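*Asks:* coordinates only, sequence not included:
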Ligand SMILES: NC(=O)C1=CN([C@@H]2O[C@H](COP(=O)(O)OP(=O)(O)OC[C@H]3O[C@@H](n4cnc5c(N)ncnc54)[C@H](OP(=O)(O)O)[C@@H]3O)[C@@H](O)[C@H]2O)C=CC1
Ligand SMILES: CC(=O)C(=O)O
Ligand SMILES: [Mg+2]
């Protein structure tokens, strides 16, 4: 421990507040700096959850949590872990979205590392300014597509900060090993450019070579500073950069894109689990997406990959069961020449179809997935059409935050007369319909990335392979219990997330060893136990 006395009380990594014992107060010059009562961490947790609950406004709850994180990190994580279902919507979606929108006006303490165009040529120095040296995970954004809220520029920092707090709370990665980064190349958001409280560069976004050079300097500096095994998670980049960055760095760095790959893994798990409720194999189902960007095409590709493995049919063949609609209508072969490269594999033979309702009626999907970032696009007519085609339509409204969800849980159940199997990206409360209570699941990549990252880190894996995403997905699907299915859930509740993450980590690591990508040798015998033993716990340590 570096500090004592007054400075110790103001260091969030070591501060315990009133939990400092009598001996610690003597040994570390704390006498008189605290009131005389000694209060254990459990009691502090009880007090803090009451404190957070007293706020009615979600953003105030968020600010109370951020304030705690800045004051007493271990108490923050203990609180978050013990009340994960209640606090996830506060530190993560939907509230984190509003926090990013208002980041300039609620900004108190800087969190994470800001790398802007001003730091071009000096990124290694900037990384050296960060107080921690042993970094294992970086979540990086350039803020151009924050949830479904669009370009929030530098204020996107709330996302890497939130994602990394989940790496610790849900996946057990030490907080000191986590580094949130925002790359600021400007913003095209006029409102922010005209806001005197905007915290970022007041210029329009750099593109092309200027953008690529800054990102390349960043990627190189990260590897030089933290080594080959630092995990870089790309988050909430706009799709015109996201696919290129992933393609460019996947063979030289340990990277994955959460929106493309993490989301794919979590959705595949939910679909595999839902087969227990609807029957058949993946190959027996037909999938329709609203939204053909990162999430949509990422999920589509992983479904195709898994189906192809299960059936031995070529990828091109199984892709034909998967259809996507973008802002111009159904993706069909006549549009091929004008499509972005990530949409081309999905341009199947079909007459043009302009809107979603017509696409549902023509394609007759068994599964409808919303990845459009556009709220209320699964209309009554669309859900009714799904319900008329299927006994149990599977409907996933993945767009975040809640305002952008393609439909609400209530709408999905009501318009399908209680027959829909529904999950959403942001949480919805249980719904009562005709005397029955329906519990909607949360299809969010938060189930995957913490355990996935832990699995990579604990095995010293050096590259991400698609089979690792399949391994994560398989482990998650296996954690859905009969009790969950009985409630109509296709994901286990977040309450058990640390156990779930340990299983995901173990399955990912096992696959990495099998593929020869893991460098931590010898391979631990029991990978689940090993994952659990690697996990950070937020209980206070005693200071001598
Ligand atoms: N639940 C989860 O875990 C996750 C959820 N998401 C959510 O998914 C959403 C999309 O993210 P992402 O895929 O990265 O975004 P992209 O920008 O890459 O893709 C959005 C897609 O939606 C299409 N679209 C936009 N408006 C409409 C419309 N009115 N009708 C039909 N299609 C439309 C776009 O069409 P076009 O190509 O023609 O412009 C594009 O294909 C976001 O809200 C995000 O929060 C993302 C990742 C994880
Ligand atoms: C959940 C997530 O990653 C997103 O909405 O972008
Ligand atoms: Mg995201």
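*Replies:* Perfect, I can see it now. Source: prediction; values computed, not measured. Ligands and ions are numbered 1, 2, ... in the order given.

*Asks:* Which stretches in this protein count as strands?
*Replies:* When assigned using DSSP state E, the strands of the chain occupy the ranges 113-116, 137-141, 178-184, 231-234, 254-257, 287-290, 322-326, 329-330, 367-370, 394-397, 421-424, 431-433, 436-438, 441-442.

*Asks:* I'd like to know which of those strands lies nearest to ligand 1.
*Replies:* Distances from ligand 1 to each of the strands of the chain were compared by C-beta to the nearest ligand atom, and the smallest falls on strand 322-326, at 3.5 Å. Placement of C-beta: from N, CA and C, glycine included.

*Asks:* What pairs with that closest one, parallel or antiparallel?
*Replies:* strand 287-290 (parallel), strand 329-330 (antiparallel) (DSSP bridges).

*Asks:* ok, back up a step: tabulate the strands of the chain (CSV), appending mean pLDDT, mean neighbour count and distance to residue 519.
*Replies:* Rendered in CSV, the data for the strands of the chain read as follows (pLDDT from 0 to 100; neighbours: other C-beta atoms under 10 Å; distance: least, C-beta to C-beta, whole Å):
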stretch, mean pLDDT, mean neighbour count, distance to residue 519
strand 113-116, 98, 20, 27
strand 137-141, 98, 26, 17
strand 178-184, 98, 24, 21
strand 231-234, 98, 25, 13
strand 254-257, 98, 25, 11
strand 287-290, 99, 25, 37
strand 322-326, 98, 24, 36
strand 329-330, 98, 20, 45
strand 367-370, 98, 28, 36
strand 394-397, 98, 28, 36
strand 421-424, 98, 27, 36
strand 431-433, 96, 15, 48
strand 436-438, 94, 14, 46
strand 441-442, 96, 25, 34
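
*Asks:* Now distance to residue 376 too, for these, in TSV please.
*Replies:* Written out in TSV, the entries for the strands of the chain read as follows (distance: least, C-beta to C-beta, whole Å):
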stretch	distance to residue 376
strand 113-116	35
strand 137-141	26
strand 178-184	30
strand 231-234	29
strand 254-257	27
strand 287-290	11
strand 322-326	16
strand 329-330	19
strand 367-370	10
strand 394-397	10
strand 421-424	13
strand 431-433	17
strand 436-438	19
strand 441-442	19
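
*Asks:* Closest approach to ligand 3 from the stretch 101-250 of the chain, which residue is it?
*Replies:* Minimum separation of the stretch 101-250 of the chain from ligand 3 (C-beta to the ion) falls at residue 236, amounting to 4.5 Å.

*Asks:* re earlier: tabulate the strands paired with strand 322-326 (CSV), appending distance to residue 51.
*Replies:* Shown next, in CSV, are the strands paired with strand 322-326 (distance: least, C-beta to C-beta, whole Å):
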stretch, distance to residue 51
strand 287-290, 40
strand 329-330, 50
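
*Asks:* Tell me which of those lies nearest to ligand 3.
*Replies:* Of all the strands paired with strand 322-326, the one in closest proximity to ligand 3, counting by C-beta to the ion, is strand 287-290 (16.7 Å).

*Asks:* residues in contact with the closest residue to residue 213 other than its chain neighbours?
*Replies:* Once its chain neighbours are removed from consideration, residue 213 has its nearest residue in residue 120; the separation is 7.5 Å (C-beta to C-beta, 6 or more residues apart in numbering). For residue 120, the contacting residues are 213-214, 217, by C-beta atoms under 8 Å, 6 or more residues apart in numbering.

*Asks:* So which of those wins on neighbours?
*Replies:* Neighbours were tallied for each of the contacts of residue 120 (criterion: other C-beta atoms under 10 Å), and the maximum of 22 neighbours falls on residue 214.

*Asks:* So that one sits against residue 205, correct?
*Replies:* No: judged on C-beta atoms under 8 Å, residue 214 makes no contact with residue 205 at a distance of 11.3 Å.

*Asks:* shared neighbours, those two?
*Replies:* Jointly contacting residue 214 and residue 205 under the rule C-beta under 8 Å, 6+ apart are residue 185.

*Asks:* Run through the residues that contact the residue nearest to residue 185 when sequence neighbours are not counted.
*Replies:* What sits nearest to residue 185 in space, not counting adjacent residues and going by C-beta to C-beta, 6+ apart, is residue 206, at 4.2 Å. Neighbouring residues of residue 206 by C-beta under 8 Å, 6+ apart: 117, 185-186, 214.

*Asks:* And those, which is closest to ligand 2?
*Replies:* residue 185 (19.0 Å).

*Asks:* pLDDT weak spots in the protein?
*Replies:* Along the chain, segments meeting pLDDT under 70 span 1-2.

*Asks:* Spell out which residues of it are next to ligand 1.
*Replies:* For the chain, the contact set with ligand 1 under C-beta under 6 Å from any ligand atom comprises 145, 147-148, 239, 259, 263, 290-296, 325-328, 371-374, 377, 398-400, 404, 425, 443-445.

*Asks:* could you check the distance from the residue of the chain found nearest ligand 2 over to residue 514?
*Replies:* With C-beta to the nearest ligand atom as the measure, the residue in the chain that lies nearest ligand 2 is residue 400; the distance is 3.7 Å. As defined by C-beta to C-beta, to the nearest Å, residue 400 lies at a distance of 34 Å from residue 514.

*Asks:* So for the two, which sits in the more crowded spot?
*Replies:* Using other C-beta under 10 Å as the criterion, residue 400 and residue 514 rank with residue 400 on top: 23 against 12.

*Asks:* Excluding covalently adjacent residues, which one is nearest to residue 272?
*Replies:* Leaving aside its sequence neighbours, residue 272 sits nearest to residue 477 (C-beta to C-beta, 6+ apart; 4.3 Å).

*Asks:* what do you get for residue 236?
*Replies:* residue 141 (4.7 Å).

*Asks:* Now do the contacts for the one you found.
*Replies:* Contacts for residue 141 (C-beta under 8 Å, 6+ apart) come out as 156-157, 159-160, 181-183, 234-237.

*Asks:* For the residues you listed, give me JSON lines that also has distance to residue 419.
*Replies:* Listed next are the contacts of residue 141 as JSON lines, based on distance: C-beta to C-beta, whole Å:
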{"residue": "156", "distance to residue 419": "38"}
{"residue": "157", "distance to residue 419": "42"}
{"residue": "159", "distance to residue 419": "35"}
{"residue": "160", "distance to residue 419": "39"}
{"residue": "181", "distance to residue 419": "44"}
{"residue": "182", "distance to residue 419": "43"}
{"residue": "183", "distance to residue 419": "45"}
{"residue": "234", "distance to residue 419": "37"}
{"residue": "235", "distance to residue 419": "35"}
{"residue": "236", "distance to residue 419": "34"}
{"residue": "237", "distance to residue 419": "37"}
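
*Asks:* returning to that earlier point: count the neighbours of the residue nearest to residue 272 for me.
*Replies:* 21.

*Asks:* What's the local residue count around whichever residue of the stretch 51-200 of the chain sits closest to ligand 1?
*Replies:* When distances are taken as C-beta to the nearest ligand atom, the stretch 51-200 of the chain approaches ligand 1 most closely through residue 148, which lies 2.6 Å from it. As a burial measure, the neighbour count of residue 148 was computed by other C-beta under 10 Å and equals 25.
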